[in-house]
Structures are given as structure tokens and as C-alpha cells.
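predicted structure and sequence below. I'll ask about it afterward.
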Amino acid sequence: MKPAPTLSSAFLKPAGDFLPAPLLELRQQRGAALADMPLPTRKTENWKYSSRYLKLSDELATSLPTTGKHGTALAAPGHHVVFRNGVMVPEASDFPDTNGVTIKRFADLTDDEARELAERLDNTLDANAVQLARLNSARFEDGLLIRLAPDAVLEHPLFIISETDAHVSGSAYPRIYVDAGRHSQATLVEEYIANGAEPVMVNAVSEFVLAEGAQITSVRLSAEGENVQHVGATGVRQAAHSRFDSHCVGFGGPMRRHDLQVRLEESGANCRLNGVVVTQGRQHYDNHTVIEHVAPHCDSEETYRNIAAGQSHAVFNGRIHIHQDAQKSNANMSNKNLLLSTGAEIDTKPELEIYADDVKCAHGATVGQLNEESIFYLVSRGIDRRNARTLLTMAFINELIEQIPVEAVRETAQARLNHFIDQTFEEA
Amino acid sequence: MLSIKNLHASVEGKEILKGINLEIKAGEVHAIMGPNGSGKSTLSQVLAGNEAFEVTDGEVLLNGENLLEQETEERAREGIFLAFQYPVEIPGVSNLQFLRTAVNAMRKHRGEEEMNAAEFMKLAKEVSKQVDLDPAFLKRGVNEGFSGGEKKRNEIMQALLLQPQLAILDETDSGLDIDALKVVSDGVNALRSDDRAILMVTHYQRLLNHIVPDHVHVLAGGRIIKSGGRELALELEERGYGWLGIKDADEATPAS
Ligand SMILES: Nc1ncnc2c1ncn2[C@@H]1O[C@H](COP(=O)(O)OP(=O)(O)O)[C@@H](O)[C@H]1O
Ligand SMILES: [Mg+2]
């Protein structure tokens, strides 16, 4: 029997020593814990559909250089922070000057601040479920700490652009930590983009901790190219009556993985998780979500849509775990999938674990194709076939795109979707 | 305008149309009547180009051109319009977007300029009033959650917007109350013109009180077994289909 593959030690050599000492120490500890970490295989339950897309060759282990020019970021009203290969680019960033809003890059933290952060990093994520994302904690070279004081309101969205410069091979480890105080409010947009064509891996981790009554809207747009493997994890912990709204839009690639884990820890916390994924060609995308209903009287509403064309492969795994004390939980999960070709594959798996007896929990998953009757109806009105299919394909996700509360993201997403449609229906 | 000769069609290997012959001239209104299951919808769908039905023999000419060689969308652009017996619901595509895309596809085909959103909105509002549909329906998904009657009115609205040469109305009267029947037949009458033809497919004759046909045909078992003037419709109403030697499925079993 072949020994199970483990993480190459080449991946445990971080760069970027300009972090404050407490964070350097944390990195080292996390790295030590990952020595000989088994890599996911077909037999690893939470990677069984995706392990074959993961190609962690040693050339990806090198940290990508962080000097050079940054590319173009989303031009939109709001504040922008640009990360390039996981390290902030100060000259391209403008921090909001809002009362009660503190934004700092990790590299600029005082030792005390860094010590406090080091104690909190990773606390939102279930380490066993996000094997690969743990590498981020051993490798991050910088990061963004966003602290919202109680009642602080960030009026405009904050765009956090994580750009990967893939002119050489290697990897980057963008990191975000959001600490939202009581009744604070903010909208944060994470956009992942890449330039260059060398094979790279992006390993991005974002954490959100919401105090009582905090309201955070998180928009995540993942649109890197065909040379980028992306492993991402987002961890969320919510106190009483807090609200977390998530809008994830993902475009396929050679390997795409996003884990989203939300813990509703106190009464009245609620979350809405929306996701749209489109894949074509030989692309892949895997969304794994977990909602932990820990406390009673919490609501979760999850809606994910996948569209797969060509020979591509999309995966959705949605777990809802209702703990014994979480009476009066309300959980809704819907995952619908559209196959645009016979060669495409979609795997969907809702996982419900319910230990409380007085809960409302509904889930549904479907996989289907464009409806021939609908196409006939449209073309019988003179609409050409390509337009008919475009209308029906967009109809599948329109509602979710329209719900994204940031116009610039809706436009970027729409433009990329149009491109997806052009390419897909050209292939056909 | 339309000439159907010895048309045979099957679905899933079963022959449904067994030699239809029919001539329709511009300006005429024809009614095809017949019991359930006689092939009325099959004929309508075949004319519109539904590929679920296979034409095994015969020919159909529209203004001398071979209709059967054309794709559904080409037929529509050449002026064929089918009001569906069961209009399809398409959630996520707004009625407005659908109608504008269709109207602009036609305009483009005719070499006319496409209508912008504002121009089209104005037109759509006018036409929706003509069929007594609240313009709020324009914002909803295509036929999504519409009642049976609303769907039928939406079909007539489309006919009024697209101004076809040949409008085929498949049981557009079914499921309508008296008022809606009046609205729909006013819409159809508004379509009547010297250069347009209408083929009404119906099980009952009551629509024919409002839209007086020039010719009436009885379809049974995949063939037209009798043709006549409008008096034939009245006779059918009085005597049922039995005197023609055919069994109306509806008379034996409750309508499904
Ligand atoms: N898609 C289909 N598949 C199988 N049989 C069909 C299909 N459509 C129609 N038929 C059959 O063809 C016959 C004629 O149907 P139809 O044209 O709908 O009749 P009508 O409209 O006169 O009631 C019926 O026996 C019906 O069951
Ligand atoms: Mg019928």
C-alpha cells in the first residue's frame, strides 16, 4: 500500500519576517503542528469530489514576491485596501477615517495588539474541517485587522482587493480578521483576482467575530485565472441578535475551494448565506458550508446555485448542525444546480444533524438542465436559441445577483457572467 | 397563405396526425374543433415547430415557402404565432424582458431599429390594458403564478405585440370566465385584418359566438372529417360529436 501523501516540508517555510513577534510565534506554532499533515485524498470525506484537482507541487511552496506593481482594482465608491501576494500595498490603499473604525495591517500592529490578535486568530474555524486553510496560519506575511467599536457604522463598503501576481510560481496567504463591536455595521467586499500565468496557489482566510447586534455584510468575489488554485476559508461567530449576510460569487478554476463556517452562538443571531458558482471547460469549484445552531432562537437562510458547463465539476456540501440547546431554530437551505452540458458534473450534499426537537428546518437540492419546453416557448416568439438559453441561464441566478447590495460588485459579477455565457454557448 | 397537404406527424413513434389537408387564405378565420385527444394541439405545435413531434409525411407552405424546413424562431419571424394551450412559466425572466426581447428579435428581422426600454415600456403598458392585465404583471416572471385566465390574456397580449401573419390559438378560450372570454375575443378580433389569418383551435363552440369564423373543420382521429361554415359549429354544439360517428372522450369521462 502506498503511504498516504503528506504536506511537503517545503510548504512550512514562511517568508515576511516583518510581522510583530507574537504573530511570528503563532505562525511557527501553527507550522509545527502541520508537519506531516496528511493531504486530502479521494478517501477524505470532505474532499472526496475535489482532491483530484489539488496539485500541491513544491514549486507552489515558495512565497510569491511582494515587490512590484499592483494591477487594477475595482473602481467603485468606498474605501480600498489592496493586498498583493498577501501583503498590503499602502500606496494603493485608503483607509476610512470613520469614528470608531480602526483598520490596521498586521505588520503595523504593536506587540500588545499582535499578542491579543494571536490569541484570537483561528478561533472561528473548525481546524479539522479546513485542513488546508490551516496552512494560512503558518504562512501569512501580513493581514488586515478591522475593528469596529460599539455602534460604529462604516457608511461605504470597504473593498479588500487581494491580487495575486503570478509572474512566477509560488503561493500567497491573504488574511483578514474582523472584530465587529456591539451594534456596529459594515459592508466588506473581498475580491480575489490574479495577474500573470504561472501556476500559483492562493490560500485565503477571513474571520468575522460579531458582538451583540452587530450587522456585517460580506461579499466575496473569487475570479482568478486558470493558473490559480484557490483554497479559502471564512469563519464567523455571532453573538446575540447579530446579523451576518454573505454573498459569495465564484468563477471556476483548476481547483477552487471555499469553506464557510458560521456559528450562531447566542439567541437571536441570524445569518443569510447566498452563493453563486459558475464553471466551464475543465474547471472546478467546491463550496463547503457549515452552520452551527448552538443557541436557541437563531435563524439561518442559505441559498446556493451552481451552473456547470463543458466538462466542469461543481460541488456543494451544506451542513446544518442544530445543537441540543438550540430550540426554536429556523434553518432553511436550498441548493439548485444547472447542468449546461452532458459532460458537466455537479455533486450536492445537504447534511442535517438535528439534536433539538422544536426546530423548523427545511432543505432542498435539485440538479437539472435547461427546460426544453421553456426554450421552445421563447424561440416560438422569434427569440434566437442562444438568447433563449442565456435568458434561462441567467434566470437561474438573477435573484441572487440582484441581492448583492454593492452595485460595483453586481456589475463586475454581471460582466464576468456575460463572458461566461459567451464562452459557454460558443462551445455548444 | 397557409397550405397544409397530407400532413402526418407522430410523437414517440405513435402517429397522431394522419393526413391533414387545409388551405387558409389571408383575412380568413378558421376554427378547428374536435374532441379531446383528436390531435388539435399536435397540429398547432407541429406548425410552430416543436421538435418533440416528428413530421413523417406531407408538406406545409407558408406564402409558398416550405415551413417545415424552418427552425421555430424563423417561423415566428416569418409570422407564425402560437398561443399555447398551456403557456410555460419561466421564473427569473421578467415578462417585460421576455416581451421586449421577442419584439426586438422581430424588429431586427424586419430591419427595423430595436426599441429601448422606455419606448417598449410605454407600448407594453398600452397593450396590457387592451387585454385587461395590470401592468404590474410586466415585472413578474413570465407566466409565473398567473391564473389560467391571466396566462391566456398574456398569450393574446403577445400576439398583439408581435402582430403575426398567422395566429394559431390553441384553446385560448378554455379556463376563462365570461368577462375574460370577452376580453380575449376582443383582443382576437382586434387582430383580424385582411392580410392576417387566424386559426382557432377549440373544443367548445362558445368562443365562436364572439369570434365568428369563416370556416369550421372537425378534427377527429388525426384527420379532418368534416368542413363547413359557421353553422357547423352550431350544429356541433347542439348535437355533440356523436352524430359524426366519433366519440368525445369528454362525454364518456369527466374532462381531465
Ligand atoms: N408529448 C406527447 N407524448 C405522448 N403522447 C402525446 C404527446 N402529446 C400528445 N400526445 C398524444 O397525442 C394525442 C393527441 O393529443 P393532442 O394533440 O394534445 O390532442 P387535443 O389537443 O386535440 O386534445 C393524444 O392521444 C395524446 O395523448
Ligand atoms: Mg389540446
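In hand now; what should we look at? Ligands and ions are numbered 1, 2, ... in the order given.

can you give me the neighbour number for whatever residue of the stretch 101-250 of chain A ends up closest to chain B?
The stretch 101-250 of chain A approaches chain B most closely through A:V249 (16.7 Å), counting by CB to the nearest CB. C-beta here means a position set from N, CA and C on the backbone, and glycine is covered the same way. Counted with other CB atoms under 10 Å in any protein chain shown, the neighbours of A:V249 add up to 25.

which ones are touching it?
A:V219, A:R220, A:L221, A:S222, A:A223, A:G275, A:V276, A:V277, A:I401, A:I404, A:V409, A:A413 (CB atoms under 8 Å, 6 or more residues apart in numbering or on different chains).

same deal with A:I401?
A:V249, A:V276, A:R410, A:A413, A:Q414, A:L417.

who wins for neighbours among the contacts of A:V249?
Busiest of the contacts of A:V249 [other CB under 10 Å] is A:V277, holding 28 neighbours.

tell me the helix or strand right after the host helix or strand of the residue of the stretch 101-250 of chain A closest to chain B.
Using DSSP states H and E, A:V249 maps to strand A:243-251. Per DSSP H and E, strand A:243-251 leads on to strand A:255-264 as the next helix or strand towards the C-terminus.

just list whatever residues bridge to the residue nearest the centre of chain B.
Central residue of chain B (CA atoms, centre = their mean): B:L169, 2.0 Å from the mean position. B:L169 forms beta bridges with B:A83, B:M200, as assigned by DSSP bridges.

now do the same contact list for it.
By CB under 8 Å, 6+ apart, the residues touching B:L169 are B:A83, B:E155, B:A159, B:V188, B:I198, B:L199, B:M200, B:V201, B:T202.

cutoff 7 Å now
Shown in contact with B:L169 (CB atoms under 7 Å, 6 or more residues apart in numbering or on different chains): B:A83, B:V188, B:I198, B:M200, B:V201.

okay, now the unreliable bits of the chain?
All of this is about chain A. Flagging of chain A using pLDDT under 70 yields the residue ranges A:1-2, A:67-76, A:427-428.

not quite, go with chain B.
B:247-256.

hey, where'd the helices end up in it?
B:40-48, B:72-77, B:95-109, B:117-130, B:148-162, B:178-191, B:230-239, B:249-252 (DSSP state H).

for the stretch 251-400 of chain A, same thing?
Counting by DSSP state H, counting those that start in this stretch, one finds helices in the stretch 251-400 of chain A at the ranges A:372-379, A:385-395, A:398-403.

other SSEs contacting the longest one?
If contacts are counted by 3 or more CB pairs under 7 Å, 6 or more residues apart in numbering or on different chains; DSSP states H and E, helix A:385-395 sits against helix A:372-379, helix A:407-427, strand B:90-94.

what residue in the stretch 151-300 of chain A comes nearest to chain B?
For the stretch 151-300 of chain A, CB to the nearest CB, closest residue to chain B: A:V276, 12.8 Å.

should've said chain A
A:A395 (2.8 Å).

out of the helices of the stretch 251-400 of chain A, the one nearest ligand 2 is which?
Checking the helices of the stretch 251-400 of chain A against ligand 2 by CB to the ion gives helix A:372-379 as the closest, at 14.8 Å.

would you mind listing what in chain B touches chain A?
Proximity of chain B to chain A is confined to B:48, B:50, B:72-73, B:76-77, B:82, B:84, B:88, B:90-93, B:101-102, B:105-106, B:109, B:158, B:162 under the rule CB under 7 Å from any CB of the partner chain.

just the buried residues from those residues, in ChimeraX please.
To isolate the buried ones among the residues of chain B next to chain A in ChimeraX, judged by 16 or more other CB atoms under 10 Å in any protein chain shown, type:
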select /B:48,50,72,73,76,77,82,84,88,90,91,92,93,101,102,105,106,158,162
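
tell me which parts of the stretch 51-200 of chain B are close to ligand 2?
Near ligand 2, the residues belonging to the stretch 51-200 of chain B are B:Q85 when assessed by CB under 5 Å from the ion.
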